[in-house]
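In: Quick check, what structure comes out for this input:
(2 chains)
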There are 2 protein chains.
Amino acid sequence: MNNTENLDFLFHPRTIAVAGVSENTNKFNAGLMFLQGLMQFGFKGQIYPMNPIGGKIMGMKIYKSVKDIPDKIDFVISAIPSRYTPQLMADAAEKGVKAIHFFTSGFSEIENVEGKHLQADIIARAKAGGIRVVGPNCLGLYCPSGGLSFNADFDKASGPVAMISQSGGNAAHCVQEGNDRGVLFSKVISMGNGADLNESDYLEYLTHDEETKIITAYIEGVREGPRFLRALKSATKSKPVIILKVGTSESGAEAAVSHTAAMAGSNQVWEGALRQAGVIRTSSIEEMIDITIAFQHMPAPKGNKIVVVGIGGGASVILADEFTNVGLSLPKLGDKLRKSLIELYPSEAGRIFKNPVDLNNFESSETFFKTMKALDQCEEADLLAIHIAFDHFGLISIKDKEFMIGAYLKLVGEIKREIKKPLAIILHSYASTQMRKLAYDAGKELTAAGFAVFPSIQRAAMALIKFISYHEERRTVARIK
Amino acid sequence: MNNTENLDFLFHPRTIAVAGVSENTNKFNAGLMFLQGLMQFGFKGQIYPMNPIGGKIMGMKIYKSVKDIPDKIDFVISAIPSRYTPQLMADAAEKGVKAIHFFTSGFSEIENVEGKHLQADIIARAKAGGIRVVGPNCLGLYCPSGGLSFNADFDKASGPVAMISQSGGNAAHCVQEGNDRGVLFSKVISMGNGADLNESDYLEYLTHDEETKIITAYIEGVREGPRFLRALKSATKSKPVIILKVGTSESGAEAAVSHTAAMAGSNQVWEGALRQAGVIRTSSIEEMIDITIAFQHMPAPKGNKIVVVGIGGGASVILADEFTNVGLSLPKLGDKLRKSLIELYPSEAGRIFKNPVDLNNFESSETFFKTMKALDQCEEADLLAIHIAFDHFGLISIKDKEFMIGAYLKLVGEIKREIKKPLAIILHSYASTQMRKLAYDAGKELTAAGFAVFPSIQRAAMALIKFISYHEERRTVARIK
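Out: Alright, predicted model coming up:
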């Protein structure tokens, strides 16, 4: 495991003490939320609530100090005001606590210089006491295999995707967006100011973490630039690394400083550094998940040529433009392939046998299946995409739509088993109440069947070009070597 | 009304005959769908079904020919196979029909040269018989004030937005996307091949149509380039014109030819021509609706400076970057304004009083209202935006979230009455089931209250920069004059 620090202990504590749990359950308090969240999520170890007054909550004794707890404490979550954190740190050091997560904010991210002093103080105490610190100013850890979560609604199943986030909100959004679309996580770290453990520590750890196959990160700024770049280069050797680097505009950089005290750096420098390190750069949480989905569900393509088949003539034209604009290659279909497709259908009227192929309607599931088999075996395509424009069924009754789409989806299950080429499914253009539901349900069903599903032409285009470019670069590098 | 042809008669027929209605209601047939669609939508005039065999449907007699119908016929919808259309045209001319919409396809859009001959034939017959043709190869007309629709689900209420579309599917998607987000339409024209009435005819008509305040169009290619550009220049003098011009990539151009026989033209030429004509160019149906919403709900801004307030620190950083990247101007807040905002809140911890302002949470509705009033009166902002990142409430229970967002929404209703500056609301980052529903319901409520609501930071950024640039250009032109 090189010289990388093994942070497994952070994600698998046996005991947790939560500081700042009020007895009053009627009023919002963050400590209580962490406590309840862990219990509801199903943390298997012991949890101990704390506050300086003591009392009882949900049948549990509230301890006045971590020192009073009659058990070894692996991990402390602090939701107390910042002025009390030095005392907590002193007590924790005495107790032999291994790690503290500070939800507490009011450190170096605030303008007042006292915040910076306070942060320096607690970090010095942590180092002296042998305690590792997550944060401060963050939501902390989500690790299904360790029973940890800062939101009881997150999926309890583990998966291959890790996330390092300098924003708790963006981490929460990323997990929700991912869970909703079939992405499961190994470890998600809301790291806040990163005063002790920083983005480089987590990245180095995740590079060697066997649970993690894809690394994603939301980065506002880094503390140790050269080390972070080295860590990135090392990480990309074994796993795709997808990064949302923000704070690159003047306003964004200012917001980042106030948010997590991060120095954002110039966009040009970052653009070059990330490209050199082989990182996939993204511009939103949604896109980060889109790209992750491609990696999770699609095999590596052999080249960059994509053939698209779908329903919606106007949507085909938009798709052709959008795909071409981002740099995807839509090859012409050869005469042999065209003829074999045309022969499958009773009439050409309303259909377009070019790329994209516009079927206008699903003639029959058998015909559609034959179409997909022909495309899978053709020389033209390295990848395939199916797109369906839901609201384009303007003329057809809801019942017919449901029937057509339902039949199609069952068929797509068969396609999953038979089609060898990487296949993306784009379910788009749904705004009417019925189509919205139909598209959403279809997306869920296809996602569960293991397909890469995208909600719009634009989003599919961006995810696919980044997925394809990644593999193209790898092929180039392999050839040079 | 200049020399423009008044096409009102197309949109307000008193009688409609639908050709190609089969007696068999169990099997899909397009004629039946049009017939049922019109009846369900509530067309007030007489409808007559037709097919060459005759029979009965839903208690109505099916006529074998338009000539047999014992009534004057204003409008015919043709859903018959293309080979029978010359006979239909001959009969319609004899009958004195004013207009025919051909849903029928298989004309100049197919590769076979016979399709082009057939189209030339029916258009020659139409001219000789004094009949105007909508299409062929299209879904036809949606005009709530005339009781016309090709989809019974479309909103029955009229509104200020017109659309010319060279794709029926995209027209349907546009209406659904619009209806779902509070956009109502005056006239939507799915025009297909535009063999008789083309995009220029419709554009000239809509320029003078009093029902229409905003013109949108999905254009694959135009038949009379110079005339269309003249029509655009004339239209933009009185109304915002928002155009999705596609077929600008090689694959897209090929798809366009096969779709509606349109010659797409080079992207460079179009880009220049559209800019010169003062047209707002868009790249998707969703964006077209986003921009329309800005025009429908926001007054003209006095400048280009926008101040943003919201919830979500990480989302603020993403927003600052995204807004800056598209060219929006986020001014720094002056000391006076900053102090007045800070004074409203009990603590700065977790809050950022820069632009974007991150409130972290809604302290109270009164405080938030005072915040908005302060921003409305400040010198820094020409426009305001509120953003809320739903899934960022990672720690708070669903009940608290609902309470907080509910209280906030009620407040926003008050803001509507008091705030004078253009205000955009961005409800974004919702993927969990609860937050998705909450955001969707909130969007509906705010839309109904007359706010411009956007579903993501990216989409708001694009709509706002195009809305602001439009008004900046107008101011520049006004100054020069």
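
In: Could you list the buried residues of the one helix or strand in chain A whose mean pLDDT sits lowest?
Out: When each helix and strand of chain A is scored by mean pLDDT, DSSP states H and E, helix A:398-418 comes last, with a mean of 72. Residues of helix A:398-418 classed as buried by neighbour count (16 or more other CB atoms under 10 Å in any protein chain shown): A:Lys401, A:Met404, A:Ile405, A:Tyr408, A:Leu409, A:Leu411, A:Val412, A:Ile415. The C-beta positions use only the backbone N, C-alpha and C, and glycine is treated the same way.

In: who's in contact with the following helix or strand past it?
Out: Later in the chain than helix A:398-418, the nearest helix or strand by DSSP states H and E is strand A:423-428. Strand A:423-428 is contacted from outside by A:294, A:298, A:310, A:315, A:319, A:383-390, A:412, A:415, A:439, A:442-443, A:446, A:451-457, A:460, A:463-464, using CB atoms under 8 Å, 6 or more residues apart in numbering or on different chains.

In: Break down the stretch 301-450 of chain A into its strands, ranges please.
Out: Using DSSP state E, counting those that start in this stretch, the strands of the stretch 301-450 of chain A run over A:306-311, A:352-353, A:357-358, A:383-389, A:423-428.

In: how far does the longest one sit from the chain's center?
Out: Between the mean C-alpha point of strand A:383-389 and the mean C-alpha point of its chain there is a distance of 23 Å (CA atoms, centre = their mean, to the nearest Å).

In: Over to the third one?
Out: On the basis of CA atoms, centre = their mean, strand A:357-358 is displaced by 32 Å from the centre of the chain it belongs to.

In: Point me to the residue of the stretch 51-200 of chain A nearest chain B.
Out: A:Ser167 (2.3 Å; CB to the nearest CB).

In: Neighbours of the closest residue in space to that residue that isn't next to it in sequence, how many?
Out: Nearest non-adjacent residue to A:Ser167, counting by CB to CB, 6 or more residues apart in numbering or on different chains: B:Gly314, 2.3 Å away. B:Gly314 sits with 31 neighbouring residues when counted by other CB atoms under 10 Å in any protein chain shown.

In: Correct me if wrong: A:Asp153 contacts B:Phe393.
Out: No: using CB atoms under 8 Å, A:Asp153 makes no contact with B:Phe393, being 10.7 Å away.

In: Please name every helix or strand in contact with the helix or strand in which A:Ile47 is found.
Out: Here A:Ile47 sits within strand A:46-50, counting by DSSP H and E. Applying 3 or more CB pairs under 8 Å, 6 or more residues apart in numbering or on different chains; DSSP states H and E, we find strand A:46-50 packed against strand A:15-19, helix A:30-41, strand A:60-61.

In: winner for burial among these?
Out: Highest mean neighbour count of those: strand A:15-19, a mean of 25 (counted as mean count of other CB atoms under 10 Å in any protein chain shown).

In: Next, see if the host helix or strand of A:Lys127 gets close to chain B.
Out: In this assignment (DSSP H and E), A:Lys127 forms part of helix A:113-129. No: for helix A:113-129, no contact with chain B is found by CB under 8 Å from any CB of the partner chain; the gap never falls below 8.7 Å.

In: ok, now stretch A:340-348?
Out: Yes: counting by CB under 8 Å from any CB, chain B is contacted by stretch A:340-348 at A:Glu348.

In: Next, the buried residues of that stretch.
Out: Within stretch A:340-348, the residues scored as buried using 16+ other CB under 10 Å are A:Ser340, A:Leu341, A:Leu344, A:Tyr345, A:Glu348.

In: Regarding it, how distant is the last residue from the first?
Out: 13 Å (CA to CA, to the nearest Å).

In: Ok, stretch A:12-28 next?
Out: End-to-end distance (CA to CA), stretch A:12-28: 28 Å.

In: For that stretch, what does the pLDDT average out to?
Out: In this model, stretch A:12-28 has a mean pLDDT of 90.

In: Return the set of buried residues in it.
Out: A:His12, A:Pro13, A:Thr15, A:Ile16, A:Ala17, A:Val18, A:Ala19, A:Gly20, A:Val21, A:Ser22, A:Phe28.

In: rewinding a little: CA atoms of the strand holding A:Ile47 as CSV?
Out: Coordinates of each C-alpha in strand A:46-50 appear next as CSV, following Å, rounded to 0.1, in the frame of the first residue of the first chain:
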residue,chain,number,x,y,z
GLN,A,46,-22.5,1.6,20.1
ILE,A,47,-23.5,5.2,20.0
TYR,A,48,-23.2,7.6,22.9
PRO,A,49,-24.9,11.0,23.1
MET,A,50,-23.1,13.9,24.9
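
In: how much space is there between the residue of the stretch 201-350 of chain A found nearest chain B and B:Ser165?
Out: Chain B sits closest to A:Gly314 of the stretch 201-350 of chain A, with a gap of 2.3 Å, by CB to the nearest CB. Distance, A:Gly314 to B:Ser165, using CB to CB, to the nearest Å: 7 Å.

In: so what sits against both of the two?
Out: B:Ala171, B:Tyr218.

In: returning to what we had before: let me have the helices and strands packed on strand A:46-50 in JSON lines, extended by distance to chain B.
Out: Below are the helices and strands packed on strand A:46-50 laid out as JSON lines (distance: least, CB to the nearest CB, whole Å):
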{"stretch": "strand A:15-19", "distance to chain B": "12"}
{"stretch": "helix A:30-41", "distance to chain B": "5"}
{"stretch": "strand A:60-61", "distance to chain B": "19"}
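
In: out of those, nearest to A:Lys239?
Out: Nearest of the helices and strands packed on strand A:46-50 to A:Lys239, taken as CB to CB: helix A:30-41 at 26.3 Å.

In: starting at the chain centroid, how far to that closest one?
Out: Relative to its chain's centre, helix A:30-41 lies at 23 Å (CA atoms, centre = their mean).

In: if we can go back for a sec, how far out from the middle of the chain is the least confident helix or strand of chain A?
Out: 28 Å.

In: Close to chain B: what parts of the stretch 51-200 of chain A are there?
Out: Proximity of the stretch 51-200 of chain A to chain B (CB under 8 Å from any CB) is limited to residues A:82, A:105-106, A:110-112, A:137, A:139, A:150-151, A:153, A:165-173, A:176-181.

In: Any regions of the stretch 301-450 of chain A where pLDDT drops low?
Out: Residue ranges of the stretch 301-450 of chain A with pLDDT under 70: A:394-400, A:403-404, A:407.

In: The residue of the stretch 201-350 of chain A closest to chain B and B:Asp376: what is the separation?
Out: If you go by CB to CB, the gap between A:Gly314 and B:Asp376 works out to 41 Å.

In: Can you tell me the element A:Ser469 falls in?
Out: For A:Ser469, the host element (DSSP H and E) is helix A:457-480.

In: ok, A:Gly54 - how many residues close by?
Out: Look at A:Gly54: counted by other CB under 10 Å, it has 14 neighbours.

In: Show me the domain layout of chain A.
Out: Domain segmentation of chain A under automatic domain parsing yields A:8-138, A:144-297, A:306-480.

In: In terms of distance to chain B, which of the buried residues of helix A:398-418 ranks first?
Out: A:Met404 (9.5 Å).

In: wait, isn't A:Gly54 in contact with A:Ser65?
Out: No: look at A:Gly54 against A:Ser65 with CB under 8 Å: they stay out of range, at 9.6 Å.

In: which neighbours do these two share?
Out: Taking CB under 8 Å, 6+ apart as the contact rule, A:Gly54 and A:Ser65 touch no residue in common.
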